[in-house]
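Undergrad: Sequence and predicted structure below; questions after.
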Amino acid sequence: MRYCPNCGCAHEAPASFCQSCGQRMPQDPGAAPASAQTPPPYNAPAQPHGTPPDTHLAKAIITTILCCLPFGIVAIVYASSVNGKFMTGDVAGAQEASRQADKWGNWSIWAGVAFGVLYGVAMLIAAVADK
Amino acid sequence: MKIVPGRRALPEEQRAARRSLTLILVVGGLGAAALVIRPPVPGDIYAPCPWHHVTGTWCPGCGSLRGLYRLLRGDVAGFARYNALAAAMLPFLAWSLAGIASRAVARYRLPQLVPGRFWILGLGLLVIAWGVARNLIPVLAPPAG
């Protein structure tokens, strides 16, 4: 069992390239760096040459413009720090920033949906009570 | 700005994209159905912007619901009249949605434009500047009705 140094996918058969991400596989398992021998989580590349974690920027934009501005701004600030941290080798920091951007974006969306639904229900109750 | 080339998505990425796509389709479908059945009119059942309700000033998102209703009818210019900044973001949002759909259905990550830190922070400042500008320049504020 060998693991792709880029994405961490396991491969049974010896392969020249990772079947998931296309990364060249180390040819000699004995000569491979130690980090390639242990399975990292799939989104934790050992070196920062892989794909940086998602910034969830689309979610941040939607929530900032269409929904809850304060939460959206927090998501944008986290999103902005993802790539910088990744490029300087702080992979864990980049992943944490990515998670935070995702979390604030989600909270913002659900807060907006909940507010809209509660308001709609309140309006319906008011309309029924009037009759 | 950096372009990350497309690649085959990981199984985990496909699963996450399927969850996102399902959620978007369900919530978006319900929202679109509500807008078609009951078009948004100020003072009707849809929640007004809390910010506008309390302060009386326009926030960066004001007019988006009425704008989205125009977009639903295929009227992009109408969307832009109600919220030009939201309309300007449409290409980016459309590409993001296409990326989620591609990961979910074809297990393929589309090429991505990854903006650097200052682009993203600049976007945040642009949103705030837009919120200020539409209170100063009447033509940028959402039209009545």
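TA: On my side now, so go ahead.

Undergrad: And the longest helix seen in chain A, what's buried?
TA: In chain A, taking DSSP state H as the definition, the longest helix is helix A:91-130. Neighbour counts over helix A:91-130 (16 or more other Cβ atoms under 10 Å in any protein chain shown) mark A:91, A:93-98, A:100-102, A:104-106, A:108-109, A:112, A:116, A:120 as buried. Any C-beta I mention is one placed from the backbone N, CA and C, and that applies to glycine too.

Undergrad: quick one: contacts for residue B:42?
TA: When contacts are counted by Cβ atoms under 8 Å, 6 or more residues apart in numbering or on different chains, residue B:42 is found next to B:48, B:144-145.

Undergrad: Please repeat the previous calculation with a cut-off of 6 Å.
TA: The contact partners of residue B:42, taken as Cβ atoms under 6 Å, 6 or more residues apart in numbering or on different chains, number zero.

Undergrad: And it, how far from chain A?
TA: Here residue B:42 is placed at a distance of 13 Å from chain A (Cβ to the nearest Cβ, to the nearest Å).

Undergrad: ok so that residue is a helix residue?
TA: No - assessed with DSSP: H, G, I helix; E, B strand; the rest coil, residue B:42 is coil; it does not lie in a helix.

Undergrad: longest helix anywhere in chain B?
TA: Of all segments of type helix in chain B, defined using DSSP H, the longest is helix B:11-37.

Undergrad: Which residues in that helix does the neighbour count mark as buried?
TA: Buried residues in helix B:11-37, defined by neighbour count with 16+ other Cβ under 10 Å: B:13-14, B:16-18, B:20-21, B:34-35.

Undergrad: with those in mind, which one is nearest to residue B:79?
TA: Of all these, residue B:35 has the smallest distance to residue B:79: 12.5 Å, by Cβ to Cβ.

Undergrad: wait, isn't that closest one in contact with residue B:69?
TA: Yes - counting by Cβ atoms under 6 Å, residue B:35 does reach residue B:69; the two are 4.9 Å apart.

Undergrad: For residue B:58, which three-state class applies?
TA: Here residue B:58 is recorded as coil under three-state DSSP.

Undergrad: Tell me how far residue B:136 lies from residue B:57.
TA: Remark: distance between residue B:136 and residue B:57 (Cβ to Cβ, to the nearest Å) = 10 Å.

Undergrad: again, but for residue A:76
TA: Here the criterion is Cβ to Cβ. By it, residue A:76 lies 21 Å from residue B:57.

Undergrad: so the longest helix of chain A versus helix B:11-37, what angle?
TA: Counting by axes from the mean of the first three to the mean of the last three Cα atoms, to 10 degrees, helix A:91-130 lies at 20 degrees to helix B:11-37.

Undergrad: list the helices and strands helix A:91-130 packs on?
TA: helix A:57-66, helix A:69-87 (3 or more Cβ pairs under 6 Å, 6 or more residues apart in numbering or on different chains; DSSP states H and E).

Undergrad: now do 10 Å
TA: helix A:57-66, helix A:69-87, helix B:11-37 (3 or more Cβ pairs under 10 Å, 6 or more residues apart in numbering or on different chains; DSSP states H and E).

Undergrad: Any chance of these in JSON lines with distance to residue B:132 and mean pLDDT as columns?
TA: Shown next, in JSON lines, are these (distance: least, Cβ to Cβ, whole Å; pLDDT from 0 to 100):
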{"stretch": "helix A:57-66", "distance to residue B:132": "14", "mean pLDDT": "85"}
{"stretch": "helix A:69-87", "distance to residue B:132": "12", "mean pLDDT": "88"}
{"stretch": "helix B:11-37", "distance to residue B:132": "29", "mean pLDDT": "92"}
